[in-house]
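> Sequence and predicted structure are below.
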4 protein chains.
Amino acid sequence: MSGIAGIFADKSGAAAYLYYMLYALQHRGQQSCGIATYNDGLMDYHKDYGLVSEVFKDERVSTLRGNLAIGHVRMASHGEGMDFQYVQPIVAGYKHGALGMVHDGTITNAKKLRNDLQENGYMFQSNLDTEVIATMIVKNYKESMKQAIIDTLDCLMGSYALIIMAQNVMFAARDVYGIKPLSIGKLDGKYVVASETCAFDSIGATFVRDVEPGEVIKISEDKLEVLRAGHPEKRKLGVFEMVYIARPDSIIDGKSIYLSRLNAGKYLAKEHPIEADLVIGAPDSGISFAVGYAEESGIPYTEGIIKNRYVGRTFIQPNQEMRDLGVKIKLNPIKEYINGKRIVLVDDSIVRGTTMKRTVAMLREAGAKEVHVRVGSPMVKYSSNLMMDTPTREELVAAMHTKDEIRDIIGADTLEYISLEALFKAFGGDDFTQGCFTGIFPEGTLYKGE
Amino acid sequence: MSGIAGIFADKSGAAAYLYYMLYALQHRGQQSCGIATYNDGLMDYHKDYGLVSEVFKDERVSTLRGNLAIGHVRMASHGEGMDFQYVQPIVAGYKHGALGMVHDGTITNAKKLRNDLQENGYMFQSNLDTEVIATMIVKNYKESMKQAIIDTLDCLMGSYALIIMAQNVMFAARDVYGIKPLSIGKLDGKYVVASETCAFDSIGATFVRDVEPGEVIKISEDKLEVLRAGHPEKRKLGVFEMVYIARPDSIIDGKSIYLSRLNAGKYLAKEHPIEADLVIGAPDSGISFAVGYAEESGIPYTEGIIKNRYVGRTFIQPNQEMRDLGVKIKLNPIKEYINGKRIVLVDDSIVRGTTMKRTVAMLREAGAKEVHVRVGSPMVKYSSNLMMDTPTREELVAAMHTKDEIRDIIGADTLEYISLEALFKAFGGDDFTQGCFTGIFPEGTLYKGE
Amino acid sequence: MSGIAGIFADKSGAAAYLYYMLYALQHRGQQSCGIATYNDGLMDYHKDYGLVSEVFKDERVSTLRGNLAIGHVRMASHGEGMDFQYVQPIVAGYKHGALGMVHDGTITNAKKLRNDLQENGYMFQSNLDTEVIATMIVKNYKESMKQAIIDTLDCLMGSYALIIMAQNVMFAARDVYGIKPLSIGKLDGKYVVASETCAFDSIGATFVRDVEPGEVIKISEDKLEVLRAGHPEKRKLGVFEMVYIARPDSIIDGKSIYLSRLNAGKYLAKEHPIEADLVIGAPDSGISFAVGYAEESGIPYTEGIIKNRYVGRTFIQPNQEMRDLGVKIKLNPIKEYINGKRIVLVDDSIVRGTTMKRTVAMLREAGAKEVHVRVGSPMVKYSSNLMMDTPTREELVAAMHTKDEIRDIIGADTLEYISLEALFKAFGGDDFTQGCFTGIFPEGTLYKGE
Amino acid sequence: MSGIAGIFADKSGAAAYLYYMLYALQHRGQQSCGIATYNDGLMDYHKDYGLVSEVFKDERVSTLRGNLAIGHVRMASHGEGMDFQYVQPIVAGYKHGALGMVHDGTITNAKKLRNDLQENGYMFQSNLDTEVIATMIVKNYKESMKQAIIDTLDCLMGSYALIIMAQNVMFAARDVYGIKPLSIGKLDGKYVVASETCAFDSIGATFVRDVEPGEVIKISEDKLEVLRAGHPEKRKLGVFEMVYIARPDSIIDGKSIYLSRLNAGKYLAKEHPIEADLVIGAPDSGISFAVGYAEESGIPYTEGIIKNRYVGRTFIQPNQEMRDLGVKIKLNPIKEYINGKRIVLVDDSIVRGTTMKRTVAMLREAGAKEVHVRVGSPMVKYSSNLMMDTPTREELVAAMHTKDEIRDIIGADTLEYISLEALFKAFGGDDFTQGCFTGIFPEGTLYKGE
C-alpha cells in the first residue's frame, strides 16, 4: 500500500507542493517516503524511513530544486533489513537522461520478470517492483519513451498506479482494471497527479478527471496527451480502497468515499437491525459506517471510545505486566456512557479478528450490557497480494471460521456483515475487484506461473 | 495549562508508568515535559521541550530509576527564550534531602511573592511559579514538611494542583476552590495521582477519589493521610476544564466530561433549534457537543470535516501564496456531502473567533447553503490568567462585539450560544469558576496588589 | 576542570565570538558546555552535555542575542545522573535583575557553605559550587554588587576563577593564590576574559594582562575597574596547569606553557640521561617534554606512536575478545622504526600508572629493545581536589609504591622523574601550588572542618 | 580517495570488526561510509554521509549480522546532490544471489563503459564507478564469477583496488600497476583485506602480504586462491599514497610510510640545507618530513604550530569580519618560541599553494625572522584524476608558476623542493606512478577516447 503524487510547478518550487501532497496521502503509508525533482536536465532526490514530517525536516525540501517533482509514501516492507530496499522513488540515469518513478500496487509476476532480467545479465539494487518496471522500460527503450512504457506495461500482471518522470515530462498510468486509483488535477494551469483527490485539496488544486483503467498519459506542464486510451468498461477498483484505504474526503472514480461508507452503514442497518442504545464506530475507519448505521437505525451515534491523538510511531510498547493490567494507552472507552448500555459496534471490516476481539472486550470491561458487531464489508475469505498488505489465508479469521464461530471468538452478542449486494448498492456499482470476498479476481491479474 | 502525575510503583519501575500517564495527559500540554524519580534517597530527572514521545526516546525512561516518580506536560510558555525557564519538574536539594515538584495552575500573586523573596536575598533560576512555591516551602520549613507546605499554600492566590515528592513520600494539594483538577487512584495497592482519570486508565489503575478543594494529602506508598481537610462546599472547578481542556474519557469531581459535553449539546439544541440538514462538530473538541445537538434535534450528525492525523508540531508552514490557494492541509471538508446542505456547525467555545471564521468559510467554499453556528458555552467576555493561557481582553471577540457583530465577523447565517443556566444544568451543578463569562471570580483568587 | 570565557562585543554578536573561545578551551573539558548572553536587560542561555560542536549546532548560536556573553566547558561530573546538575552557566534572576556565572575550580568548603545556606532555608537545584557562590552573592547583596561579591569571596576556600555577568557588566575574580588561571584581553577596544590566552588567539583578540591572585575586576565594555587589588606575591598557580592542563600555545601568568614544558624536558635530560636510539613522547601532552629531552640529549626525536584523530567521544568500545587480540584503535606504534631500538619514552606525569603500563607494553610488542621512561614532573604522592579531577590516594601509584616498584609495575627498564627543583627552574619560578608532590598546600585552601 | 576493507569473522560478528577497520581508515575519507554483511545467503547494509562514528551510532552495527563484511570510507563527491549517489558499498541481487562491492580508485574510461551499457539498455542508480563495475560483472557472468570478474577487469582503465563479496566468498583485486594499495591479513585463521595495514593493527590481525599489481584473489574464510597471478614487475603505486594519503603507521608494498617520509625529510635536508633556528612541520602530514629534516640538519625540531583537536566537520565557519581579525581557530603558532627565530617550515607537498601561504603568514605574524619552506615532494605540475581528488591544471600553482614565483606567492624567504631522484632514494625504489610530477603516466591508465 502506497500513495503517489507528481506535480508541475513554477521553476524550483515543485518539491514544496509535493511535500503537502504527501502529507495528505500519509494515511496510505507511514513507513517511508521520498521526493524526487527534475531541475533543468538533472534529477535530485531525498528519501528515508519515517513520516513525511520526520524525513523532510531542516529545510531539506528547499534543497530539492526543480519545476517537476514526484513523491511516494509507503506502508510496510514485506521483510525488513537491507537499507532502502523498499523506499521510493527510484531515480536512475539511462541513455537519454534521467528517469524517476513511483509506484503503488503489486506486480504479481514481478518475481518472474526479475528472474528473466537477471538471467539476461541484469542486477537489482532493491526489492521494489518499481525497480523491475524501470529496468524494463530502459531495456525496452528503442525509439520512444512512449513505446517503451507501453511495451513494459503489457508485460505486467497485477495492480499498479505509476508516475514516471523523465526530461521535463511526466507519465501517468493505471493498470488495465484500474485496481489502484490515480487522479489528475490542475493548479495554476499546470497538471498534478495523485493517488487521491485529498492531495489536490491540500495544495488548492482542482480535480480534472481520473486516469482511466489501462490509460497511459503524457503530461508536459500544461499539456496532457493520451498515449494509450483507457477502457472504463473494464474498471474494477480495489474494493478496499472504498472500504478503508482511501481518505473519506477523497473522490475516486467519481465516488465520494465518505458517502459510500455512510451509505454502506445505512444498508448495514437495513439488513441487520438490532435493538440497542448506542452506535459506536471503531476508530478510525469504522466511524463513517457507524454514523450511517445510526442515521438509518435511529439509534444515537456516539464517540464511545476515545483515541489518544499523541500515540505515534515511536511509542515505547508497554511490557506484559502492564498489558495484563488492562492499560488503555491508545484507546479508552467512555465508561460512564457505555456502562449498562446495549452497544452496536460498527467497523469497516474484520481481517484477523484480533483488533475486534480487543475492542469488544474493552466495551465489556466498561460495562456494556450487550455488544452487537456490525461490519461494513462482507467476510474476508480470500487472501490476495493484489490489494492488501496481505495476511496469509490461515490468518484470515473468516477463511477458517464460520460467522458464528467468529462471533464467539470476538466475544460479541451478535455479529453481522453487510451483503455484497448491499455493499455494491451503497457504492453505486459493482465494478470493483473484490476477490477477497469471493475468490474471483479479474482475469490476468494473478500470475499462476509458480 | 499543564498536566501533572505522580506514582508509587515497584522498586525502580515508577518512571515507566509515569511515561504512560504523561502520554494520557499530553492533550493538556504539548510544548515540554519531564519526569523526576526518587530512588533510595536520591532524585534524578529528565525534562526537555517536545512531546512525551520525543523527549523520552532512546531508553531514557529506563535510566530514571526509583519507586516514586512525578511528571509534567506543559502547554505554552508565556514568552520564549531562556532554556528550561518553563520546563518542569523542579528538583532541588534542601536541608532534609531532595524535593521535587510539579504544578498545574496560575499563582496570581506569584510576582509579588517572587519579589518579596528576592528582597530577602533569594534568586530564581526559572520563571516558573513552581520554583516560587518550592522556595517558599523550603524557607518555611521548621519542624515538618506538613507545616511548611500548609504555611506556603496559605500565601498563594490563584489556582493550583500540586504534587510534591520528598523522601519516599508524595504530597498532593489543590487550591481552595479546586479550580484545577487532581484525582487519586490506586494500582497494585499503591497510590497514584493525576490531573485526570484518563491517566489511570492508561496504566490500568483504578480511580479512588478526587483531591478535595483546599485539601492537602500525604501519601506513603499504600498509606494516605489527610494533612488538611478539604471543603467540598467551596468547590469551583474551572469551567473550561469541562468545556475543552479535559479529555472526554476523564471524570472530574464526579462528572463525566463526555456526558457533560453531550448534555450541553442537547441543551444547546433545545435552546437554539434550527432547521437544517446536517450537524457537524468543529474538530476536535466540538464533536461531543455536536453529537448531543444531533441527538436532541434529530438532525443527522456527520463528520463533515476530515482532520489530517499526521499534521504535527514539526509541520512546515505553507507560504502566503499557498494559503491564497486555499490549501486544506489540516482540515478538509467533505464537499460532496456539504454541497447544497444547511449545516449546523457546533463548537465548544469561541475565543478570538479566527478559527471559527476560517471553518465557516471552508464550509461555504464546500457549497454549504446555510451555516448555523451553535456554541456549547456562553460568550467569553472576560480575560483571566486563572484558567486559560489567556488572550488579552482586546483579543476576546465577545468582549468587544455583540453577538450579531460576531455572527457577521465569522460569516455565519445564525449564531447562538448556550445560556449559563443551561450549561450548569448540563454539567449538573453551578460549582464552577466561570468569571470568563460573568467577570465574577471566586474571592481571593485574583491578586489586586499591582 | 573547566574552561571559562566572557566577552563584550557589538550588539547581539557576543555569542558567536564566545563559541570560538569555547572551541579554543575545549581541551579543558569535553563533557558539557554552555553560553549565556545579556541582551538589553534580559539574559538567555543554552547549555547541554556534549562538545561545543555538538551542543551549538543548527544556528543555536545565532538565537543567543546580546552584546555580552559568558561561557563554560566542563570535564567530568563527579557522579552522573540528575539532568544539568553539572552544566554551567548558572543564570538567575535576583532583586536587581539577572545574574549569570561561570566557574573553574574547586571550593573546598562548598559543602559546608551549602549546608549553612540550607539550614537557613535555601534550596539548591544543582550540585555546582557555582550555584552556592551565586546564592551567596545574592544573599549578601546589600548596597552594591561589588561588596556582595567581595563578601562572598571572603568566605570561599579552595581555588576558583570566576566570571560573573550582571546588567551590562562583567566581573572577573581569581582565588587568593591564583591557583586557577584567568586572563584579560581586548578585541576592537572591548574587553574579553578567558581561562587561557589561546582563546584570545581564536578570535583575534590581544592579550592585556592576567587577573592577579585575589584580584576582583569590574568590566563595562571598554572600561576596567579594579574592585579589589590583587597580591601577586601570593601567586601559586596550580602546577598541573603548567604540566598538562593548559594548551601549549597559551601563556599563563607570563609563562609560555610550551617553553616551560620544553625546558622541563631539557632539565629531565640533564638530570636523567640515558643511552638510547630514539626519544618518543606519549601522545598528546608528553610530546613537548619529549622534544625538549631530545634536543638536550641529542637523541633523535620521533613520532613513534600514531594517534587516530577520528576516535572521539562516541566511539563504541571494543569487547574483551578484541582487547585480548591487542587492538590498536586509538594508538598504534611505528613497528618498523621501533623494532630493535632503545627507546626513551617521555610523559608529563604518572598518576595511576595504567596508561603508562599500556604504552610501555605497546612499545615492547613493537620490538623495542629497551624502554626508558622519563617523567616531566615529580612523583604524584598526594591527592587533592584542589587541582585535579582527583583519584583517591590509594589510586595514586606513587603514593603506594617506590620508584623501583613503579618501574616494575609499568614494565620499564629504567624510570626517572624530574626533581622539583629542576621543574621550578624549567618553569622559571617556584610560585606554584604543588601539594600533590609534597603534601603541602597553600594555607587556607583546604577545608578541615569535616 | 577511499578506504576499503573486508573480513571473514565468526558467525554474525564481522560488522563489529569492520567498524574498527573503517575507523583506522577514516583518514582516507571523511565524507561518507558504509558496511555490508553477508549472512547465510542474504546481504544487509547500512551507509550514509558522515564519519564512521556518526553513521554507526545506536547499535546500528549489531543489527548488521553475518560472518562476512565489507566496508568503505569516502573522501569527497565530485559534485553533490542526488542522495547516495556516491556512497558505497553497492549491494545488488543477480541471478546467482547477492553481490556487494567496494572500490577505491578512478576508472578513467568509466564514462565510456557506462555509456556503452546505457546504449545496451542498462540504467544506473548512482554516479559510482563501482556500479559500472558491478553491472559489467553481472552482465559478463556466464559460467563463473571468476571469469566474469577477470573479463570485466580487462575492460577497466585507470586505478582500482576492489573487494567483492558474493555467496560466502570474497574477491580482492588490484589494478595492473597496483596504483591503489590493498593488503591481506589474518585474524584467528581467517582472512581480512584492507587498503592499509593500520586497519589490521586496529583489530589485532597480522599482515600476510600485499595483493600484487594485477592480481585477482578469491578468499573463502581461511582459504586463499589466486585466480589470476599478479605481476610485481609492473608495480607503480601512486606516489601520493607515500607522500600524504596513507597513515604513517601503515606499510604498503613492503615500504614503511613513516620511514619513507622521515627519509625524504633527511634527503631534503641534504639537498637543501639552510641556516636556521627551528624546524617546524606543517600539521599533520608535514611532521614526519620535518622530524627527518631536523635529524639530518641538526636544527632542533619543535611543534611550532598547535592544532585544535576538537575542530571537526560540523564546525561553524567564522564570518569575514572574524577572518579579518586573524582568528586562529584550527591552528595557532607558539609565538614566544617563534618570535625572532629563523624557521624551516617543512610540508609534504604544495598543490594550490593557498594553505602554505596562510601558514607562512601565520609564522610571520608570530614574529618569525625568516621562513624557509622545504617541500618533501617535487613540484606538482600535472593534474590527473588517477591519483588525487584533483584540482584542474590551472589550480596547480606549480603548473602555472616558477619556483621563484611560488616563493613570492607564499611569502617565503627561500623555497626548495626535494628532487625526484632523492625522493625515490628515500622511498627505496622508483616503482611509482608519479605523472603529477613528470606528466608521464603508466601506459593504458588514461583513457584518450574523449
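Now that the structure is in, tell me what you want to look at.

> tell me which helix or strand of chain A sits lowest on mean pLDDT?
helix A:320-324 (a mean of 75; mean pLDDT, DSSP states H and E).

> residues of that helix that come out buried?
Neighbour-count burial for helix A:320-324 flags residue A:322 (criterion: 16 or more other C-beta atoms under 10 Å in any protein chain shown). Yep, even glycine has a C-beta here, placed from its N, CA and C like the rest.

> Now do it: which elements does it pack against?
helix B:14-24 (3 or more C-beta pairs under 8 Å, 6 or more residues apart in numbering or on different chains; DSSP states H and E).

> Alpha carbons only: can I get the helix it packs on in PDB?
C-alpha atoms of helix B:14-24 as PDB (Å, rounded to 0.1, in the frame of the first residue of the first chain):
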ATOM      1  CA  ALA B  14       7.900   4.100  38.600                       C
ATOM      2  CA  ALA B  15       9.200   6.100  35.600                       C
ATOM      3  CA  ALA B  16       7.800   3.700  33.000                       C
ATOM      4  CA  TYR B  17       4.300   4.000  34.500                       C
ATOM      5  CA  LEU B  18       4.600   7.800  34.600                       C
ATOM      6  CA  TYR B  19       5.600   7.800  31.000                       C
ATOM      7  CA  TYR B  20       2.200   6.300  30.000                       C
ATOM      8  CA  MET B  21       0.400   8.700  32.400                       C
ATOM      9  CA  LEU B  22       2.000  11.700  30.700                       C
ATOM     10  CA  TYR B  23       1.000  10.200  27.300                       C
ATOM     11  CA  ALA B  24      -2.500  10.100  28.500                       C
END
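
> how about the helices in the stretch 201-350 of chain A?
Here the stretch 201-350 of chain A has its helices, by DSSP state H, counting those that start in this stretch, at A:239-240, A:257-271, A:287-297, A:320-324, A:335-338.

> ranking those by mean pLDDT, which is last?
Per-stretch mean pLDDT for these is lowest at helix A:320-324 (a mean of 75).

> And the helices of the stretch 201-350 of chain A: which comes nearest residue B:36?
helix A:320-324 (20.8 Å; C-beta to C-beta).

> For stretch A:48-60, measure first residue to last.
Taking C-alpha to C-alpha, to the nearest Å, stretch A:48-60 runs 12 Å from one end to the other.

> cool, stretch A:378-386 as well?
End-to-end distance (C-alpha to C-alpha), stretch A:378-386: 18 Å.

> what distance separates stretch A:394-405 from the centre of its chain?
24 Å (C-alpha atoms, centre = their mean, to the nearest Å).

> low pLDDT regions in the stretch 301-450 of chain A?
The stretch 301-450 of chain A contains residues with pLDDT under 70 at A:312-315, A:387-390, A:450.

> Give me the neighbour count for the nearest residue to residue A:395 once chain neighbours are set aside.
Distances taken as C-beta to C-beta, 6 or more residues apart in numbering or on different chains put residue A:352 closest to residue A:395, at 5.4 Å, once the chain neighbours are dropped. Residues near residue A:352, counting by other C-beta atoms under 10 Å in any protein chain shown, number 13.

> pretty sure residue A:131 is in a strand, no?
No: with DSSP: H, G, I helix; E, B strand; the rest coil as the criterion, residue A:131 is helix rather than part of a strand.

> Now do the contacts for it.
A:90, A:124-125 (C-beta atoms under 8 Å, 6 or more residues apart in numbering or on different chains).

> now, which of those lie within strands?
Members of the contacts of residue A:131 lying in strands (criterion: DSSP state E): residue A:90.

> Quick check: of the contacts of residue A:131, which has the highest neighbour count?
When neighbours are taken as other C-beta under 10 Å, the top entry among the contacts of residue A:131 is residue A:90 (27 neighbours).

> List the residues that contact that residue.
Going by C-beta under 8 Å, 6+ apart, residue A:90 touches A:100-102, A:126, A:128, A:130-131, A:134, D:125.

> how far away is residue A:248 from residue A:22?
Distance, residue A:248 to residue A:22, by C-beta to C-beta, to the nearest Å: 19 Å.

> between those two, who's got more neighbours?
Taking other C-beta under 10 Å, residue A:248 and residue A:22 do not tie; residue A:22 has more neighbours (30 against 22).

> give me the number of residues near whichever residue of the stretch 301-450 of chain A sits closest to chain B?
Residue nearest to chain B within the stretch 301-450 of chain A: residue A:325 (2.9 Å; C-beta to the nearest C-beta). The local packing of residue A:325 (other C-beta under 10 Å) involves 15 other residues.

> list the contacts for it?
B:187, B:203-205.

> so residue A:293 makes contact with residue A:345?
No: between residue A:293 and residue A:345 there is no contact under C-beta atoms under 8 Å: 10.0 Å.

> Please compare these two by neighbour count and tell me which comes out ahead.
residue A:293 (32 against 29).

> what's near enough to touch the more buried one?
So residue A:293 contacts A:265-266, A:268-269, A:279, A:299, A:301, A:344, A:346, A:374 (C-beta under 8 Å, 6+ apart).

> near chain B, which of those residues show up?
residue A:301 (C-beta under 8 Å from any C-beta of the partner chain).

> Could I get the contacts of residue A:293 in TSV, plus columns for distance to residue B:146?
Shown next, in TSV, are the contacts of residue A:293 (distance: C-beta to C-beta, whole Å):
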residue	distance to residue B:146
A:265	58
A:266	62
A:268	61
A:269	60
A:279	51
A:299	54
A:301	50
A:344	53
A:346	53
A:374	57
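
> Considering the contacts of residue A:293, which possesses the most neighbours?
In terms of neighbours by other C-beta under 10 Å, those top out with residue A:265 at 31 neighbours.

> I'd like to know how far residue A:291 sits from residue D:48.
Distance from residue A:291 to residue D:48, by C-beta to C-beta: 47 Å.

> Neighbour count: the two, which is higher?
residue A:291 (25 against 16).

> Ok, which of the helices of the stretch 201-350 of chain A comes nearest residue B:85?
Nearest to residue B:85, of all the helices of the stretch 201-350 of chain A, is helix A:320-324, at 33.9 Å by C-beta to C-beta.

> where's that closest one relative to the chain centroid, distance-wise?
That offset, for helix A:320-324, works out to 33 Å (C-alpha atoms, centre = their mean).

> residues making contact with that helix?
By C-beta under 8 Å, 6+ apart, helix A:320-324 touches B:16-17, B:20, B:203-204.

> For residue D:12, state which of these is nearest.
For the contacts of helix A:320-324, the nearest to residue D:12 is residue B:16 (30.6 Å; C-beta to C-beta).

> Now do the phi/psi pair for the residue of chain A most remote from its centre.
Relative to the centre of chain A, and counting by C-alpha atoms, centre = their mean, the farthest-placed residue is residue A:340 at 37.9 Å. Torsion angles at residue A:340 (phi, psi; degrees, to the nearest 10) stand at phi 80, psi 0.

> Please list all residues in contact with it.
Per C-beta under 8 Å, 6+ apart, neighbours of residue A:340: A:367, A:369.

> just residue A:280 next, same as before
A:290, A:301-305, A:338, A:343-346, A:363.

> Swap in 10 Å and give it another go.
A:286-287, A:290, A:293-294, A:301-305, A:333-334, A:337-338, A:341, A:343-347, A:359, A:363, A:368, A:371 (C-beta atoms under 10 Å, 6 or more residues apart in numbering or on different chains).

> how close does it sit to residue D:99?
For residue A:280 relative to residue D:99 (C-beta to C-beta), the value is 54 Å.

> Same check on residue A:432?
43 Å.

> before we move on, back to that, name the residues contacting each of residue A:293 and residue A:345.
A:276, A:279-281, A:286, A:374.

> Quickly check those residues for the two that are furthest apart.
A:276 and A:286 (15.4 Å).

> Confirm residue A:136 sits in a strand?
No: according to three-state DSSP, residue A:136 belongs to no strand; its state is helix.
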